[in-house]
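# give me coordinates for this.
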Amino acid sequence: MKKFVTLILIFVLLFTFTSCAQLNEEKASGRVVATVNGTNITKAEFDKYYNYYEIVYAVNDESMPTGNDLKDFKEEILTNYTEVQAEYIDALARGYKVADSVYQTNVKNAMDYITQTVGADKLDAFFTEHNTTKADFEAFLNDYYKKLSYTNALEEDFFTIMSADQSLINYKVATVNKNDLPMEKFLYYVMQEYITQYITGQSTPSTDEEMQTFYKEVITNYAQLEAFYNYATKQGIEITEDEINAQLATVTLYMNYFAPTKADKETMLKQNLLTYDAWEKYSKENAKMLAAKNKVETALKTEISDYTPTDKEIQNYYDENTAIISGKYMYAKHILFSEDNKTMAETCAQRAKAGENFDTLMAEYKDKDGVTEAADLGRFAKTEMVTEFADAAFKLSVGEVSGVVQSEYGYHVIYAYAAPSLEAEKATITSALKSEYQTEQLAKKEAKKIKAKVKTPKTIKTAYDVYVSYLYGSYNIKIYPSRVK
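Numbers count the residues shown, from 1 in each chain. All right, here's what the predicted structure looks like:
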């Protein structure tokens, strides 16, 4: 959720910014900077909130923004403050109850932190310097933290709100193949992609810009999958239950790994604003579309003509992917010793140079203390290796062993060996070229016959974004950022 955390005073903030001049108190008390549900938020009220950040930054020895950054910062915190007021009203309307002790504990922690950081003997002077008193600032914290405690309670229970609100569940995130993509389905495919990225070690998005790119990729991938299913339907391709169930095992594999029981799944799904029933429904749909895609691709492959690569194509592939290229690509094996085992490395190098089989030496040394690695590196580019290793390795002729080569990883003993012959690789290369050809032809056929259509808004909204839009409409929120700049 995009709002500042309750205990912000306890954490070091990461902005780097300085304060600006205040309007006089009389003028500020009457100037309206926002309205929520018919109630005005005045400049004087905003100034107390802004002063809160001045104190937070000062306590944490950080600087407030300046120039254009300050204008953006004020607009951001005005929007945040206004939305908190609206969400607090909505939480009360929905019947949420939060014990006073919750926010009072946070107030006490914040005030204790300030006292400890500033010093009890300097506390009055500190608040005077920031145009307030300890009592006034504590009163502000009590009011603001109370409202935050209610908004936190609502947000923590957002799954309940989402599940009960059909306008949220069915909100149109995008148009896919001329049909609405509802929020619930969008959330399912977002969750599936997140799980896949995590389990396969891919980096997940973190910034707002990365999230928007991620969302659009999820929608595009879904649209393409659905387009395969639509094509299969038009072509009269039958999808059997056995085929769907086979794909369903793949679709649910990662979820079953993370959450083996139904209770585990319900907990995980709740965090992603999905019900168990919705997960089952969309998993079945996902499996059905994947089964359709497989059958469509199988059918299209039968339309692809046979292909036999020429000798020249095989030679070119070999040269580019297998052959040794002087100064660029080579084959080598090495034994790597840790930095305090130079003597052992020297002994190994002497034995290899004397003619001992390098594979035998690798097998002998790989489990010794002080040996980090004993491996066949295969074909590699000079640019892939650290400079010291690359310079030494590319000076070797086939069958030659290096002396001890020091790099940041330790001490290497390197053995250069020959590339496999063209004749030995011919069958493998032929198979690879045929596979490449079939993949390229299949992609062309799919591009021609499988047409996915996607229309997304400039900014794709999350479920919480949609809820915030609801707040603006339901509580007639108006914000005037120019009045606080």
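# can you give me the strands for the protein?
Assigned by DSSP state E, the strands in the chain fall at 32-36, 39-42, 172-176, 179-182, 329-337, 371-381, 405-407, 410-417, 454-455, 478-479.
# now do the fifth one: which elements does it pack against?
Based on contacts counted as 3 or more CB pairs under 8 Å, 6 or more residues apart in numbering; DSSP states H and E, the elements that strand 329-337 packs against are helix 342-353, helix 358-365, strand 371-381, helix 387-393, strand 410-417. Every C-beta, even on glycine, is put in place using the N, C-alpha and C of the backbone.
# so what are the domain limits for this structure?
The chain is divided into the following domains under automatic domain parsing: 8-162+475-483, 172-303+453-460, 323-419.
# as TSV, the helices and strands packed on strand 329-337 with mean neighbour count, mean pLDDT and distance to Asn37 would be great.
Listed next are the helices and strands packed on strand 329-337 as TSV, based on neighbours: other CB atoms under 10 Å; pLDDT from 0 to 100; distance: least, CB to CB, whole Å:
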stretch	mean neighbour count	mean pLDDT	distance to Asn37
helix 342-353	18	97	76
helix 358-365	17	97	75
strand 371-381	15	97	65
helix 387-393	17	97	66
strand 410-417	24	98	68
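# next one: Glu238 from Ala291, what distance?
For Glu238, the distance to Ala291 (CB to CB, to the nearest Å) stands at 10 Å.
# those two: who's more crowded?
Under the criterion of other CB atoms under 10 Å, the comparison of Glu238 against Ala291 puts Ala291 first, with 24 against 9.
# so who does the more buried one touch?
239, 243-244, 246-247 (CB atoms under 8 Å, 6 or more residues apart in numbering).
# cutoff 7 Å now
By CB atoms under 7 Å, 6 or more residues apart in numbering, the contact list for Ala291 reads 239, 243-244, 247.
# so what pLDDT did it get?
pLDDT, Ala291: 97.
# repeat for the one 5 residues further on
Listed pLDDT for Val296 reads 95.
# also Leu300?
Leu300 is given a pLDDT of 93.
# tell me how many other residues surround the closest residue in space to it that isn't next to it in sequence.
Nearest-residue entry for Leu300: Lys445, 4.8 Å, with adjacent residues in sequence omitted and distances by CB to CB, 6 or more residues apart in numbering. Using other CB under 10 Å, Lys445 has 17 other residues around it.
# and Lys445, what pLDDT?
Lys445 carries a pLDDT value of 92.
# now Ala452: how far from Tyr254?
Taking CB to CB, one finds Ala452 at 24 Å from Tyr254.
# distance of the residue of the chain most remote from its centre from Thr343?
Most distant from the centre of the chain: Ala354, at 53.0 Å, with distances by CA atoms, centre = their mean. Distance, Ala354 to Thr343, by CB to CB: 17 Å.
# and if you look at Tyr198?
Computed as CB to CB, the Tyr198 to Thr343 distance reads 45 Å.
# and Tyr194, by the same measure?
Distance, Tyr194 to Thr343, by CB to CB: 50 Å.
# can you list contacts of stretch 455-470?
When contacts are defined by CB under 7 Å, 6+ apart, stretch 455-470 is touched by residues 1, 83, 158, 162, 168, 171, 173-175, 183, 187, 212, 215-216, 219, 273.
# now the two most distant members of the residues you listed.
For the contacts of stretch 455-470, the maximum inter-member distance is 28.3 Å, found between Glu83 and Thr175 (CB to CB).
# looking at those two, which one has more neighbours?
Neighbour totals were compared for Glu83 and Thr175, and Glu83 leads with 21 against 16 (other CB under 10 Å).
# and for Thr308, the neighbour number?
The number of residues packed around Thr308, counting by other CB under 10 Å, is 9.
# try Ser397
So Ser397, with other CB under 10 Å, has 6 neighbours.
# which one is it nearest to, not counting chain neighbours?
Nearest non-adjacent residue to Ser397, counting by CB to CB, 6+ apart: Ala416, 6.7 Å away.
# for that neighbour, list each beta-bridge partner.
Ala332 (DSSP bridges).
# picking that back up, most surrounded residue in the contacts of Ala291?
Gln247 leads the contacts of Ala291 on contacts (other CB under 10 Å) with 21 neighbours.
# how about the helices of the stretch 201-350 of the chain, start to end?
Secondary structure of the stretch 201-350 of the chain (DSSP state H, counting those that start in this stretch): helices at 208-234, 241-251, 253-258, 262-271, 276-301, 311-321, 342-353.
# if you average pLDDT over each of those, which is lowest?
Lowest mean pLDDT within the helices of the stretch 201-350 of the chain: helix 253-258, at a mean of 90.
# elements contacting that helix?
helix 183-199 (3 or more CB pairs under 7 Å, 6 or more residues apart in numbering; DSSP states H and E).
# okay if I get the strands of the chain as JSON lines plus distance to Ile304?
Listed next are the strands of the chain as JSON lines, based on distance: least, CB to CB, whole Å:
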{"stretch": "strand 32-36", "distance to Ile304": "63"}
{"stretch": "strand 39-42", "distance to Ile304": "66"}
{"stretch": "strand 172-176", "distance to Ile304": "29"}
{"stretch": "strand 179-182", "distance to Ile304": "31"}
{"stretch": "strand 329-337", "distance to Ile304": "32"}
{"stretch": "strand 371-381", "distance to Ile304": "30"}
{"stretch": "strand 405-407", "distance to Ile304": "48"}
{"stretch": "strand 410-417", "distance to Ile304": "38"}
{"stretch": "strand 454-455", "distance to Ile304": "27"}
{"stretch": "strand 478-479", "distance to Ile304": "59"}
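# out of those strands, which is closest to Ala259?
Comparing those by CB to CB, strand 179-182 comes nearest, at 23.6 Å.
# tell me which strands the closest one pairs with, and in which orientation.
Taking DSSP bridges as the criterion, strand 179-182 forms sheet pairs with strand 172-176 (antiparallel).
# distance from the chain centre to the strand it pairs with, please.
Offset of strand 172-176 from its chain centre (CA atoms, centre = their mean, to the nearest Å): 22 Å.
# identify the residues contacting it?
180-183, 186, 219, 222-223, 226, 454-456, 460-461.
# so what's Tyr52 up against?
Neighbouring residues of Tyr52 by CB under 7 Å, 6+ apart: Phe140.
# no wait, Tyr437
Applying CB under 7 Å, 6+ apart to Tyr437 gives the contacts Tyr307.
# please report how far it lies from Thr310.
Taking CB to CB as the measure, Tyr437 falls 12 Å from Thr310.
# with Tyr198 instead?
Tyr198 sits 44 Å away from Thr310, going by CB to CB.
# likewise for Leu361?
From Leu361 to Thr310 the distance is 42 Å (CB to CB).
# what's the answer for Ala263, then?
According to CB to CB, Ala263 and Thr310 sit 60 Å apart.
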